[in-house]
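1. Task: produce atomic coordinates for the following.
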Amino acid sequence: MRFMPTLLAIAGVALLAGAPAIAAKGDRAATGEEKLAKALKGRVAGTPVNCIPLNQVTQTTVIDDTAILYRVGSKIYLNRPVNPQSLDDDDVLVTQTTGSQLCNLDVVRMVDRTMGFQRGFVSLNKFVPYTKAAQN
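-> Model (predicted):
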């Protein structure tokens, strides 16, 4: 029974050690729109497209409750799903497509990273390409 108080004491010390790091982040977390603006800073929006080549996507970034960013080469494609409240950057995106492209009619399931159960889904919209702004 001495083991439990020792374990609780160690857990308490670990929590206190992490407190300065949490406080250093600031009083509030950035909103989804602020994170999105930061990710797209210095880029210009292009004409929305229905599909992107899935086999060329090199990075996917989920912005909580807001959007999904897909990197294809030097372009970043912004997708604002129909129901963005299901987006959580801790989840794994599971997409089932019928071809080699990810399209605006596809559905993406959100799966909890640790427990493996489905947490929700999002219905994709059109993809807006963002390219780096031309330097003058």
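2. and stretch 94-106, how far out from the chain's middle?
-> How far stretch 94-106 lies from its chain's middle: 18 Å, per Cα atoms, centre = their mean, to the nearest Å.
3. quick one, strands of the chain?
-> 43-45, 51-53, 57-63, 67-72, 75-79, 91-95, 101-103, 107-112, 118-123, 127-132 (DSSP state E).
4. Which of those sits closest to residue 31?
-> Counting by Cβ to Cβ, residue 31 lies closest to strand 57-63 out of the strands of the chain; the figure is 9.5 Å. (Glycine included, C-beta is placed from N, CA and C.)
5. May I have the strands that pair with the closest one, each with its orientation?
-> Here strand 57-63 is paired, per DSSP bridges, with strand 67-72 (antiparallel).
6. Save the strands of the chain as TSV, and put in mean pLDDT too.
-> Shown next, in TSV, are these (pLDDT from 0 to 100):
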stretch	mean pLDDT
strand 43-45	97
strand 51-53	96
strand 57-63	95
strand 67-72	97
strand 75-79	98
strand 91-95	92
strand 101-103	95
strand 107-112	93
strand 118-123	92
strand 127-132	97
